[in-house]
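[1] fold the following for me, if possible:
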Amino acid sequence: MNLSKSTYCQGIQCEKLLWLNKFKPEFKEDIDNDSVLVNGTRVGELAKSLFGDYIDIEFNEDLSQMIKDTKKVIEENKNVIITEASFNYQNNFCSVDILIKKDNNYEIYEVKSSTEIKDIYLDDVSYQYYVLSNLGYNITKTSIIHINSNYVRYGKLDLNQLFTIKDTTNISISKQPEIKKNIDIINKYMLHTEEQPKDIGNHCYKPYPCPFFKYCKKHLPSKNVFDIRRMKTQTKLNLYQNNIYSYEDLLKADINDKYKQQIEFELYDKEPIIKKDAIKSFLDNLTYPLYFLDFETYQESIPPYDGITPYMQIPFQYSLHYIETKKSKLKHLEFLAEPNIDPRRKLAEQLVKDIPKDTCVLAYNMMFEKMVIRNLAKIYPDLSDHLMNIHNNIKDLMVIFQKRDYYTKEMHGSYSIKYVLPALFPDDPELNYHNLDLIHNGSEASNSYANLSELPLEEQQKVKSSLLKYCELDTYAMVKIWQFLNEIVEQ
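    As a prediction, this is how the structure comes out:
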């Protein structure tokens, strides 16, 4: 088996993951990690210059060429910094993010876009130590470079503040027998031509969600413990490992009543829960004019503007439906920032123009909208009073479904709007996110805006149009849910 540092890490998570990837790739599910990959690439490129001038080994699909190029640079330079230095030892390949040569000593630096060090990163850098040390290189140091979550950008980007460097040399050395053992186990497993049994466990979730999980649980009933919403993963695994996984068995188990409620509704096709008094009490606390607000935000590992920390939520868009009186016509306002500029000031200015003070505002999961507004109020003191007035008048439409004052089996134990909306309006194409062009969820919206400036102008216009339609549907969905609840009370 030809291993790389990524396939080695996959193999120690689960050998079967590698086997399925090779022999049954058609069962692999698409796990959305585009933003992780993009951030990782950007962080990696930026970190290359952390120690000064460097020589980069250009990527080549012919890995042997990268190995030859690396060897040439090493032989021609007594002291040098090399990025993507590539090596192969007994079919174990690795490209080192940053390799520093000092005379005949070498330092390995692995770059991660995370704000913390995970165990799998230690396996990654230790694997690189294994490859290079067995090739005869004297490795005096291994380190992991990761993002400093406390860094706040002001002015020019400070790489020494943005990055944290953790010395992992002792860990890398101590892991060498383990690395050799793991490689042998992986290679032996990959010799099998027939699929080997491997039960579901923590490795299906950690350190990364497995794209073959659906395939590996095909032996379970169509409705099983892994379909229970908001139950902790470890609880699900404990139940499964005790042979308690069918809905029928779960009803007899010692689990939370909310989980049993989800099961009973789906198993026995129970009628909806409708607590009219609670719904009426919530609606009676709303006043006119009534606004429906939803923000879209994106995150950058590398803070793009002043006052921003790594992975801070940066608002770039909002949709605002509003109705002035109960019988008034529904109106709509919206904001979408241009790419490549700090969107926050213009967004905040437009928001205080669009929402008057002392106005009732509805959000779905208001903690997010409140967080965005608080952050804006902190950095713009001149707008703070108005922004915090909006903040203090937000109410949460989600609470009706969170408390299960209204609940149906179609919600499958969830109170997310992406479950509630189709449960209430199953046959309305206008409210179906799948019918939208290009952008269908918040993750796609964030990624699309973050990369908007890299597109040709014509493509930018298409993405902007899709962003506006997506965000507008978020608040229109809230309006429809609010109207639905009013109809229940009035019946």
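[2] give me the local confidence score for residue 40.
    For residue 40, the pLDDT comes out at 86.
[3] find the nearest non-adjacent residue to it, please.
    Nearest residue to residue 40, sequence neighbours excluded (CB to CB, 6 or more residues apart in numbering): residue 113, at 4.5 Å. Placement of C-beta: from N, CA and C, glycine included.
[4] surely the one you found meets residue 43?
    Yes - between residue 113 and residue 43 there is a contact under CB atoms under 8 Å: 4.0 Å.
[5] now do the shared contacts for these two.
    Jointly contacting residue 113 and residue 43 under the rule CB atoms under 8 Å, 6 or more residues apart in numbering are 147, 301.
[6] over to the residue nearest to residue 40: give its phi and psi.
    Dihedral pair for residue 113: phi -90, psi 0, per degrees, to the nearest 10.
[7] check residue 115 too.
    The phi and psi values for residue 115, taken as degrees, to the nearest 10, are phi -100, psi 0.
[8] nearest residue to it other than its sequence neighbours?
    Leaving aside its chain neighbours, residue 115 sits nearest to residue 149 (3.9 Å; criterion: CB to CB, 6+ apart).
[9] what's the burial count for residue 474?
    24 (other CB atoms under 10 Å).
[10] quick one: contacts for it?
    Residues in contact with residue 474 (CB under 8 Å, 6+ apart) are 294, 319, 364, 417.
[11] measure it to residue 374 for me?
    Separation of residue 474 from residue 374 (CB to CB, to the nearest Å): 20 Å.
[12] now stretch 92-100 - C-alpha only, PDB.
    Output in PDB follows, covering the C-alpha atoms of stretch 92-100 (Å, rounded to 0.1, in the frame of the first residue of the first chain):
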ATOM      1  CA  ASN A  92       5.500   5.800   2.700                       C
ATOM      2  CA  PHE A  93       5.400   9.200   1.100                       C
ATOM      3  CA  CYS A  94       5.200  12.600   2.700                       C
ATOM      4  CA  SER A  95       5.500  16.300   1.700                       C
ATOM      5  CA  VAL A  96       6.700  18.400   4.700                       C
ATOM      6  CA  ASP A  97       5.000  21.700   4.900                       C
ATOM      7  CA  ILE A  98       8.100  23.500   6.100                       C
ATOM      8  CA  LEU A  99      11.500  21.800   6.400                       C
ATOM      9  CA  ILE A 100      14.500  23.700   7.800                       C
END
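[13] distance from it to the middle of the chain?
    Relative to its chain's centre, stretch 92-100 lies at 27 Å (CA atoms, centre = their mean, to the nearest Å).
[14] likewise stretch 125-134?
    30 Å.
[15] contacts for it next, please.
    Residues outside stretch 125-134 that contact it (CB under 8 Å, 6+ apart) are 5, 8-9, 87-90, 92-94, 96, 106, 108, 110, 139, 142-144, 168, 171-173, 175-176, 178-180, 183.
[16] which of those residues fall within strands?
    Secondary structure from DSSP state E places 87-89, 92-94, 96, 106, 108, 110, 139, 142-144 of those in strands.
[17] return a PyMOL selection command for the buried portion of those residues.
    In PyMOL, a selection of the buried entries from these looks like this (16 or more other CB atoms under 10 Å):
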select buried, resi 87+88+92+93+94+96+106+108+110+139+142+143+144
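[18] can you list the ones in strands among the contacts of stretch 125-134 in JSON lines and add distance to residue 61 and pLDDT?
    Below are those laid out as JSON lines (distance: CB to CB, whole Å; pLDDT from 0 to 100):
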{"residue": "87", "distance to residue 61": "17", "pLDDT": "98"}
{"residue": "88", "distance to residue 61": "15", "pLDDT": "98"}
{"residue": "89", "distance to residue 61": "20", "pLDDT": "98"}
{"residue": "92", "distance to residue 61": "19", "pLDDT": "98"}
{"residue": "93", "distance to residue 61": "13", "pLDDT": "98"}
{"residue": "94", "distance to residue 61": "16", "pLDDT": "98"}
{"residue": "96", "distance to residue 61": "19", "pLDDT": "98"}
{"residue": "106", "distance to residue 61": "26", "pLDDT": "98"}
{"residue": "108", "distance to residue 61": "24", "pLDDT": "98"}
{"residue": "110", "distance to residue 61": "23", "pLDDT": "98"}
{"residue": "139", "distance to residue 61": "27", "pLDDT": "98"}
{"residue": "142", "distance to residue 61": "28", "pLDDT": "98"}
{"residue": "143", "distance to residue 61": "29", "pLDDT": "98"}
{"residue": "144", "distance to residue 61": "28", "pLDDT": "98"}
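[19] pick the one among the ones in strands among the contacts of stretch 125-134 closest to residue 219.
    Closest approach between those and residue 219, by CB to CB: residue 92, at 34.0 Å.
[20] the strands in the chain, which residues?
    Assigned by DSSP E, the chain shows strands spanning 55-56, 79-89, 92-102, 105-111, 138-147, 163-167, 273-274, 290-298, 314-323, 331-336, 360-363, 394-396, 406-407.
[21] just the helices in the stretch 301-450 of the chain please.
    344-354, 366-379, 381-392, 399-402, 417-424, 442-450 (DSSP state H, counting those that start in this stretch).
[22] what's the separation between residue 367 and residue 402?
    Residue 367 is 11 Å from residue 402, by CB to CB.
[23] pull the residues that contact stretch 392-401.
    So stretch 392-401 is contacted by 278-279, 282, 285-286, 293, 358-367, 369-370, 373, 406-407, 411, 415, 417, 420, 478, 481-482, 485 (CB under 8 Å, 6+ apart).
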